[in-house]
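Student: Give me a 3D structure for the following:
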Amino acid sequence: MGNGGIGTLRKGMSATPRLSAHYLADGSVRDPVFSFAEEAHGATSPEQLDALLARHLRRFGMGHHSFYVGTDKFKRPAVRKISGTTHHEWRRHYDANGLGTVDDLLKSGLTSSEPTTWRRFREQRALNREQEGIYHQAAEFSLQDGFFLPLHQPDGSMLGMTMMVQHALPTDRATLAILHMLSLYYALAAERIGMVAAARGTASAETQELTPRQIECLRWIAQGKTSWEIGEILTLSEHTVNEHLAAARRRLGVKTTTQAAIQAVMLGLIKS
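Tutor: This next block holds a predicted model:
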């Protein structure tokens, strides 16, 4: 395990003092942050680290957090869990429907290192029906709000920390500062334990699999349908269909959608 990732995370920690470090003068912020930092420094396993963070998150009514690879070194969506106490049903739904390839909140992390919440992101952006639909789907799993922090890595990839809650998070900046710094100390400990290096090794060794939604889009392409027609069939926008097809092309290592459909047939993913 090299120090590059740790150095990058520390830069991220010092890059937003206005957002977080400023609040350390407040004991309600300082005490839980420093307490977790000390405990996390002694953690020796992902399970221990998750248990420590979960205990501190309970004060916010948070029962779920997820630490994951958000994008690969080419800035392509590659959502893959590293650790956490994530909401398993929501995670399966998110992955099965390929939401990671179209989630604008995740994409926003490519050009920012600032933390945000689901509600704040929705208030600050004019989201289309499809993007709002992601949050409506999350609400069906009793997830009403969440926290998101992008963590940029030396190789160009992006890690992410998401914390999910069944009610609206407090809107004060002190709460955001606590969650921000807890996430950073968690990421530092994860790097030290070797969790991040292990995730990179897995990513390079594994074969990229297509999501069910990507396969479904390719199946219709193989039958001669256009992106617009596929959108009508699957109740998706043409833009989202094209996003799924682009992700499928990247995962299959081909340049055209036709090549992707042929490759999918050859791999037995779809029937000709």
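
Student: what stretches of this structure score poorly on pLDDT?
Tutor: Low-confidence regions of the chain, defined by pLDDT under 70, span residues 1-24, 200-208, 272.

Student: can you give me the strands in it?
Tutor: Using DSSP state E, the strands found in the chain span residues 62-71, 77-84, 116-117, 145-152, 158-165.

Student: Reformat these as JSON lines; add mean neighbour count and distance to Val196.
Tutor: No exception for glycine: its C-beta is placed from N, CA and C like everyone else's. Written out in JSON lines, the entries for these read as follows (neighbours: other CB atoms under 10 Å; distance: least, CB to CB, whole Å):
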{"stretch": "strand 62-71", "mean neighbour count": "22", "distance to Val196": "9"}
{"stretch": "strand 77-84", "mean neighbour count": "20", "distance to Val196": "7"}
{"stretch": "strand 116-117", "mean neighbour count": "22", "distance to Val196": "22"}
{"stretch": "strand 145-152", "mean neighbour count": "23", "distance to Val196": "9"}
{"stretch": "strand 158-165", "mean neighbour count": "24", "distance to Val196": "7"}
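
Student: need the helices for the stretch 1-150 of the chain, in chain order.
Tutor: Taking DSSP state H, counting those that start in this stretch as the criterion, the stretch 1-150 of the chain contains helices spanning 4-15, 27-41, 46-57, 88-96, 104-108, 118-124, 129-140.

Student: With the stretch 151-272 of the chain instead?
Tutor: Counting by DSSP H, counting those that start in this stretch, the helices of the stretch 151-272 of the chain are 173-193, 195-205, 212-222, 227-234, 238-252, 257-266.

Student: between these, which one is nearest to Asp50?
Tutor: Put simply, out of the helices of the stretch 151-272 of the chain the one that sits nearest Asp50 is helix 173-193, at 8.8 Å, with distance taken as CB to CB.
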